[in-house]
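> Let's see this in three dimensions:
(one chain, ligands or ions: 2)
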Amino acid sequence: MTPHKASQTPLEFGGPLGVTAMLFLLPATMFHLILAARSGPARLLGPPAYLPGLEELWSPRALLLLFIWIGLQVALYLLPARKVAEGLELKDKSRLRYPINGFQALVLTALLMGLGVTAGLPLGSLPEMLLPLAFVTTLTSFICSLLLYVKALAAPVSALAPGGNSGNFIYDFFLGRELNPRLGSFDLKYFCELRPGLIGWVFINLALLMQEAELRGSPSLAMWLVNGFQLLYVADALWYEESVLTTMDIIHDGFGFMLAFGDLAWLPFTYSLQAQFLLYHPQPLGLPMALLICLLKDQSPGFAIGYYIFRGANTQKNTFRKNPSDPSVAGLETIPTATGRQLLVSGWWGMVRHPNYLGDLIMALAWSLPCGVSHLLPYFYVLYFTVLLVHREARDEQQCLRKYGRAWQRYCERVPYRIIPYLY
Ligand SMILES: NC(=O)C1=CN([C@@H]2O[C@H](COP(=O)(O)OP(=O)(O)OC[C@H]3O[C@@H](n4cnc5c(N)ncnc54)[C@H](OP(=O)(O)O)[C@@H]3O)[C@@H](O)[C@H]2O)C=CC1
Ligand SMILES: CC(C)CCC[C@@H](C)[C@H]1CC=C2C3=C(CC[C@@]21C)[C@@]1(C)CC[C@H](O)C[C@@H]1CC3
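Ligands and ions are numbered 1, 2, ... in the order given. Down below sits the predicted model:
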């Protein structure tokens, strides 16, 4: 194995120091949130009520459960797919092929769970295992990231990610060295991005709903709303699975700790925070307020409007990228670029430069509102997501400027706001 020459790509996330801090802060935040959600005061800021000992964190049962879950998702991923899509062209001019069967995996998992619960599977007791499950998933993410780092040492230069090859171990371990690590035709990053964690989120939510029903006789309206909104969000991501192939996670970022931990642990255990909070802190929610959250809330948009913007913007761009002469997008105004591709300057993409992020943020707010306004904790997702999207938008901006140069600058002049019209 010959060591690869370090790449000259500018360092992101504050370089080695920044990512070292994140290596500790991300898992610590996740455990803090899980502990805070079940504590009486449910404080987002401030020390946790107590620190769990190793005997509370480590559980061979949780490890077994995690492996069964990942094994099930691997098996569903390997089932025949309704479609096999090609990814974008790689440095060596080849294109990878990806099965499009994520929605099918969600439906089959739901069927299997339904059968399991009918046969006595105690899904409602999963919330009691959340802490050890999060612990073993974090350990597994660390080990996987190390193995991915070692695997990348043998990868050809053309297979490396643009970032994540600085020569600094911690930085490269965090960002990921190889762009699309595969075992045969099994794509590790694509699998992790959309399967165990994303589908796991839905079933953690469902388990929390079932435990609430056991505790209080029936699930609360707030719990139904959170479950419904987030199920729709996950089902949408899997239905439109192919569009993930053009996200920066797939085309730009390597597969390292950031995505392994993010996809496998952070996503299911922190994105389910609202349902965790509701189990321990029931909130009264009447039907009129629930309807307002679905549609409109105090003059600001609710979930349906968020979803309408999110889906409308994503579909418009994806349709345009696939076939610019499609009747639904053919009339839109565009800017030509030197690459031969065009940029939309009217429709959703003429309103702000990231209308899909705007819709996503509105949905995030809408699925936090059923938790009431007495605590800041359930709004952690809105705060984190705002930071993530602002940072992601800045990274995308850099990449688009590099790709499209002057044409991108013209687009920014025509559409000056990034995410929120007239504000940001
Ligand atoms: N819940 C979560 O934790 C997260 C959710 N998301 C969601 O995932 C989805 C995908 O997000 P993401 O990959 O970040 O970004 P986008 O789907 O917004 O893709 C950005 C790319 O779109 C293309 N583009 C930008 N402007 C235009 C334009 N005017 N006309 C045509 N093409 C344009 C460019 O690529 P090119 O020109 O090469 O096509 C650009 O690089 C979003 O809906 C986001 O909200 C994302 C991250 C986390
Ligand atoms: C600093 C954190 C640990 C970073 C974690 C990031 C991941 C949780 C997210 C990175 C990109 C994601 C996308 C989605 C979920 C979250 C992660 C994995 C979606 C699948 C959500 C649904 C959308 O419709 C598509 C998204 C693609 C990107």
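
> What average pLDDT does stretch 380-391 get?
Mean per-residue pLDDT for stretch 380-391: 96.

> By neighbour count, which bits of that stretch are buried? Give me those.
Buried residues in stretch 380-391, counted by 16 or more other Cβ atoms under 10 Å: 380, 381, 382, 384, 385, 386, 389. For the C-beta atoms, the positions are set from N, CA and C on the backbone; glycine is no exception.

> Of all pairs in the residues you listed, which one is the farthest apart?
Across the buried residues of stretch 380-391, no pair lies farther apart than 380 and 389, at 14.7 Å, counting by Cβ to Cβ.

> what about residue 78, how many neighbours?
13 (other Cβ atoms under 10 Å).

> how close does it get to residue 194?
Per Cβ to Cβ, to the nearest Å, residue 78 is found 14 Å from residue 194.

> try residue 271
As judged by Cβ to Cβ, residue 271 and residue 194 stand 14 Å apart.

> cool, and residue 24?
Shown here: residue 24 relative to residue 194, a distance of 27 Å by Cβ to Cβ.

> The two: which has the busier surroundings?
For residue 24 versus residue 194, neighbours defined as other Cβ under 10 Å are more numerous around residue 194 (23 against 9).

> my guess is the more buried one contacts residue 245, does it?
No: taking Cβ atoms under 8 Å as the definition, residue 194 is not a contact partner of residue 245, at 10.5 Å.

> Contact partners for the residue in the chain that ligand 2 sits nearest to?
Relative to ligand 2, the nearest point of the chain is residue 262 (2.6 Å; Cβ to the nearest ligand atom). Residues near residue 262 by Cβ atoms under 8 Å, 6 or more residues apart in numbering: residue 26.

> helix/strand/coil for it?
Under the three-state scheme (DSSP: H, G, I helix; E, B strand; the rest coil), residue 262 adopts helix.

> those strands in the stretch 1-150 of the chain, which residues are they?
Here the stretch 1-150 of the chain has its strands, by DSSP state E, counting those that start in this stretch, at 84-86, 97-99.

> For these, could you give me a markdown table that also reports mean neighbour count and mean pLDDT?
Shown next, in a markdown table, are those (neighbours: other Cβ atoms under 10 Å; pLDDT from 0 to 100):
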| stretch | mean neighbour count | mean pLDDT |
| --- | --- | --- |
| strand 84-86 | 13 | 92 |
| strand 97-99 | 19 | 95 |
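
> how about those strands in CSV, adding distance to residue 71?
Formatted as CSV, these follow (distance: least, Cβ to Cβ, whole Å):
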stretch, distance to residue 71
strand 84-86, 23
strand 97-99, 17
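
> Mind putting those strands into a markdown table with distance to ligand 2?
Formatted as a markdown table, the strands of the stretch 1-150 of the chain follow (distance: least, Cβ to the nearest ligand atom, whole Å):
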| stretch | distance to ligand 2 |
| --- | --- |
| strand 84-86 | 15 |
| strand 97-99 | 14 |
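
> what does the stretch 51-200 of the chain put close to ligand 2?
Contact residues, the stretch 51-200 of the chain versus ligand 2 (Cβ under 6 Å from any ligand atom): 193, 194, 198.

> and the chain, what are its domains?
According to automatic domain parsing, the chain comprises the domains 13-282, 286-424.

> wait, does the shortest one contact ligand 2?
Put plainly, it is domain 286-424. No: on the criterion Cβ under 6 Å from any ligand atom, domain 286-424 is out of touch with ligand 2, staying 6.6 Å away.

> Can you name the residue of the stretch 1-150 of the chain nearest ligand 1?
Residue of the stretch 1-150 of the chain nearest ligand 1, by Cβ to the nearest ligand atom: residue 88 (8.1 Å).

> Do I have it right that that residue meets residue 251?
Yes: at 5.5 Å, residue 88 and residue 251 qualify as touching, with contact defined as Cβ under 8 Å.

> Tell me who's in contact with the most centrally placed residue in the chain.
Nearest residue to the geometric centre of the chain (Cα atoms, centre = their mean): residue 267, 6.0 Å. For residue 267, the contact set (Cβ under 8 Å, 6+ apart) comprises 197, 198, 200, 201.

> Nearest residue to the third one in space, please, no chain neighbours.
If the residues on either side of it in the chain are set aside, residue 200 comes closest to residue 268, at 4.1 Å by Cβ to Cβ, 6 or more residues apart in numbering.

> And the spatially closest residue to residue 285 that is not a sequence neighbour, how far from residue 73?
The shortest distance from residue 285 to any non-neighbouring residue, by Cβ to Cβ, 6+ apart, is to residue 222 (4.4 Å). Distance, residue 222 to residue 73, by Cβ to Cβ: 29 Å.
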